[in-house]
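> here's my sequence, what's the structure:
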Amino acid sequence: MSGTSTDVLVRIESLGGATQTERLSPTKTTFVVQAAPGAWEVAATYLRLGIEHILFGFDHLLFVLALVILVRDWRRVALTVTAFTVAHSITLAAATLGLVNVPGPPVEAAIALSIVLVAVEIVNARRGTPSLAARWPWLVAFCFGLLHGFGFAGALAEVGLPHHAIPIALLFFNLGVEIGQLVFVAAVLTAGGLFRRAMALRLEPALVQRTVNRLDVTAAYAIGAVAAYWLIERTTAFIV
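You can find the predicted model right below:
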């Protein structure tokens, strides 16, 4: 273990149905097996798993980044991200509790497609072409958020849920996802604001806006290219 940087997720399920999930790393190589993990242990474990999942779920982060670039304004970003949060919370809970069953591979391909579509909307918006996403980004975020919730549910299904504390695990995994998402959004908006201020010290306001628009379009093409690759790769994987 000490010779590698790979983490290992250990899941122990008792005959009584209690489940304990622990993440081992080169700095944490042991843990205590509990008869039935308490509520706080379950909450802490799944909160951490939720944060790690969103911060290392590059497709979800790329979608959120595309939304932030599309909207830019702090208030509209808050509304858009809230709509995305509400939507994926609904489908995450529904899929995890077994109320809805959607195959994983097509969902992953559809998530990649959603990123491509938002990237296209960024280019259209910066070129002055009216679009639904530019006018009502919260609506687009909500619709695609329902799709992304199934992706989160697939990741949670791989980890498993403790039968004696399913509501707690589900709640805190979702909270972890939201914390990671908010940290990412705050970092992007802060970096963007600092960049605009730095340019404003040297350039005229009109030139600053044109430069930002060009950078947005460049970022949109980059995001779209990566997402298009994922779309082809994921579609090929379940069709072939």
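> and A83, which of the three is it?
A83 carries the three-state label helix when classified by DSSP: H, G, I helix; E, B strand; the rest coil.
> my read: it touches L146, true?
No. A83 is not in contact with L146 according to C-beta atoms under 8 Å; the separation is 10.4 Å. For the C-beta atoms, the positions are set from N, CA and C on the backbone; glycine is no exception.
> quick one: the helices in this protein, in order.
For the chain, the helices defined by DSSP state H occupy 39-56, 58-71, 74-96, 104-126, 132-135, 137-159, 166-200, 205-239.
> centroid residue for the protein?
Central residue of the chain (C-alpha atoms, centre = their mean): H60, 3.3 Å from the mean position.
> that one: what's it in contact with?
Listed by C-beta atoms under 8 Å, 6 or more residues apart in numbering, the contact set of H60 reads 54, 111, 148, 151-152, 181.
> can you lay out the residues you listed as a markdown table showing pLDDT and neighbour count?
Formatted as a markdown table, the contacts of H60 follow (pLDDT from 0 to 100; neighbours: other C-beta atoms under 10 Å):
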| residue | pLDDT | neighbour count |
| --- | --- | --- |
| I54 | 86 | 21 |
| I111 | 92 | 23 |
| H148 | 90 | 26 |
| G151 | 87 | 24 |
| F152 | 85 | 24 |
| Q181 | 89 | 22 |
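> switch those over to CSV; also include distance to E121.
Shown next, in CSV, are the contacts of H60 (distance: C-beta to C-beta, whole Å):
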residue, distance to E121
I54, 22
I111, 16
H148, 16
G151, 20
F152, 23
Q181, 20
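> can you tell me which of those residues is closest to G104?
Set against G104, the nearest of the contacts of H60 by C-beta to C-beta is G151 (8.1 Å).
> might one say that that closest one is in contact with I111?
Yes. With contacts counted by C-beta under 8 Å, G151 reaches I111, the gap being 5.3 Å.
> intersection of neighbour lists for these two?
59-60.
> and A83 and L146? Which one has more around it.
Higher neighbour count among A83 and L146: A83, with 21 against 17, using other C-beta atoms under 10 Å.
> ok, L175 - how many residues close by?
Other residues lying near L175 total 16 when counted by other C-beta under 10 Å.
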